[in-house]
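Here is my input, please return the structure:
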Amino acid sequence: MKIDWRAEYLRLLDGRRRGFLDPEVVRRDGLPLERRLTETDLREAEGELGISFPVEYREHLLRQGNPGRGCKPPWRGPRGWGWYGDTHTNYDLLTEPFPHPDSYRAYDAELDEREPPREDAEAWEEWDCEGGVLEERKTAGAVYIQEGGCGFSTLLVVTGPHRGEMWFDGRATCDRILPLRWAGRPVSFAEWVERGMSLTPW
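Numbering: from 1, shown residues only. This is a model prediction of the structure:
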């Protein structure tokens, strides 16, 4: 069966949340950056999101709260639990395992090779939407926890074999999503915070 890539891309984009600061939520819970989350909060958030927060991240939220420096805190907003100010995480894909780049590298290259001529507007749009679906799925199972400016972001993986690791979305310049590493091994949330939340893969 032929896939309607445009419809699939629009469906996936609906998984992002473009909420706003609801005055009722603020009156009830306080500003997200000012409020310490409780065990009850975290259990409610995990149940609603369908995930378990990585242990180090969970402990940090309970003991110290939001680490700051542009790190987005979990909060209960107009569309339920999510991360305050986040418009990039795809909540519909949050329960799917985060894919290692090796798993889609061949498909990515093959897709580039079959780009149709722009003169064929219909074929090009279909191809572009197929690429959009692939790009959206590259960050399944991960949260855009910190924006670095210029299109860069730091990801916290919450699902799959890489759960608890920190990755860097560098697609704005190098078209790649790369693991943050220290001493030759993946960086955990606690290590990332300890090292100033400013590590990059280059």
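
Kindly spell out which helices and strands sit in contact with whatever helix or strand D108 lives in.
According to DSSP states H and E, D108 maps onto helix 105-113. In this structure, helix 105-113 makes packing contacts with helix 121-137, judged by 3 or more C-beta pairs under 8 Å, 6 or more residues apart in numbering; DSSP states H and E. In short, each C-beta sits where N, CA and C put it, glycine included.

Now do the helix it packs on against helix 105-113, angle only.
Angle of helix 121-137 versus helix 105-113, following axes from the mean of the first three to the mean of the last three C-alpha atoms, to 10 degrees, is 160 degrees.

pLDDT value on G30, please?
With respect to pLDDT, G30 scores 58.

same deal with L111?
At L111, the pLDDT recorded in the model is 98.

That one: neighbour count?
14 (other C-beta atoms under 10 Å).

how close does it get to E165?
L111 is 26 Å from E165, where distance means C-beta to C-beta, to the nearest Å.

Can I get the helix holding D108 as CSV, trimmed to CA atoms?
Coordinates of each C-alpha in helix 105-113 appear next as CSV, following Å, rounded to 0.1, in the frame of the first residue of the first chain:
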residue,chain,number,x,y,z
ARG,A,105,21.9,6.0,7.9
ALA,A,106,21.3,3.9,4.7
TYR,A,107,17.6,5.1,4.4
ASP,A,108,18.8,8.7,4.8
ALA,A,109,21.3,8.3,2.0
GLU,A,110,18.9,6.5,-0.3
LEU,A,111,16.3,9.2,0.2
ASP,A,112,18.7,11.9,-0.8
GLU,A,113,19.6,10.0,-3.9
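
Return the distance of stretch 105-116 from the chain's centre.
24 Å (C-alpha atoms, centre = their mean, to the nearest Å).

Show which residues not belonging to it make contact with it.
A123, W124, W127, E130, G131, L134 (C-beta atoms under 8 Å, 6 or more residues apart in numbering).

Buried subset of these as a ChimeraX selection?
Those of the contacts of stretch 105-116 that count as buried under 16 or more other C-beta atoms under 10 Å are selected in ChimeraX with:
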select :127,130,131
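
quick check, nearest of the contacts of stretch 105-116 to Q146?
If you rank the contacts of stretch 105-116 by distance to Q146 using C-beta to C-beta, L134 comes first, at 23.7 Å.

Pick out the residue closest to the middle of this protein.
V143 (3.0 Å; C-alpha atoms, centre = their mean).

what comes up buried for the helix or strand hosting that one?
With elements taken from DSSP H and E, the one containing V143 is strand 142-149. Neighbour-count burial for strand 142-149 flags A142, V143, Y144, I145, Q146, E147, G148 (criterion: 16+ other C-beta under 10 Å).
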